[in-house]
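Chemist: got a sequence here, can you build the structure:
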Amino acid sequence: MNTIEKFNLSQDQHQQLLDHLRELLRTRSTLQQTVGIEQEKNRNETEQLFRELLDLFDSLEALINAVEQQPEASPKVWKRLPKNLKALRDRLTIIFLRRNVQQIEYTESKVDFKLCSVVETENNLDVEEGTILKIVKQGFQIENRILRPIEVITAKNS
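Modeler: The predicted structure is shown next:
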């Protein structure tokens, strides 16, 4: 008994089934190729990110070595330190922007718990309870997803 007879298929049904199977195999092959391409793209993007971070690492290491080699650093060295650190921060900001990571811009005086996380409260009778007194850490987002909320200290009136 052949396959067509075993499953009680007509010749036309058998041909349709074979056509569907061929189409599924082509689709599977296309999907496998697409997955391979995407995996390679992700590997390349990850390697590029780490190359950029290694560049920052090298700059930080050079800055640390310069400070360590001159324990009695001149005022000129200490004066340049904030400028050098800002340059590193700016380079890191560029790395973030290339990957659509943005600092959360927040100008409200009250906490929005979708964007902020209260890490501490301080007694302060001069302002309304819950008012943001200080931003401890900046928050970041990628597109509309929060990577890290803004960490804040708020007032309490007790």
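Chemist: mind exporting stretch 148-158 as PDB, just the C-alpha atoms?
Modeler: C-alpha atoms of stretch 148-158 as PDB (Å, rounded to 0.1, in the frame of the first residue of the first chain):
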ATOM      1  CA  ARG A 148      17.400  53.200  34.700                       C
ATOM      2  CA  PRO A 149      15.000  55.600  36.500                       C
ATOM      3  CA  ILE A 150      16.100  59.000  37.800                       C
ATOM      4  CA  GLU A 151      17.200  58.400  41.400                       C
ATOM      5  CA  VAL A 152      16.000  61.300  43.700                       C
ATOM      6  CA  ILE A 153      15.900  62.500  47.200                       C
ATOM      7  CA  THR A 154      12.600  63.900  48.300                       C
ATOM      8  CA  ALA A 155      11.300  66.100  51.100                       C
ATOM      9  CA  LYS A 156       9.400  64.800  54.100                       C
ATOM     10  CA  ASN A 157       7.700  67.100  56.600                       C
ATOM     11  CA  SER A 158       8.000  65.100  59.800                       C
END
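Chemist: pull the residues that contact it.
Modeler: 104, 106, 111, 115-140 (Cβ atoms under 8 Å, 6 or more residues apart in numbering). All C-beta atoms are positioned from the backbone trio N, CA, C, and that covers glycine.
Chemist: could you turn the buried ones of the residues you listed into a ChimeraX selection?
Modeler: Buried subset of those, written as a ChimeraX selection, criterion 16 or more other Cβ atoms under 10 Å:
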select :104,106,111,115,116,118,121,131,132,133,139,140
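Chemist: separation between the residue nearest to D112 when sequence neighbours are not counted and E23?
Modeler: Sequence neighbours aside, Y106 is the residue nearest to D112 in space, at 7.4 Å (criterion: Cβ to Cβ, 6 or more residues apart in numbering). The gap separating Y106 from E23 is 52 Å, by Cβ to Cβ, to the nearest Å.
Chemist: what's the answer for N8, then?
Modeler: Taking Cβ to Cβ, one finds N8 at 23 Å from E23.
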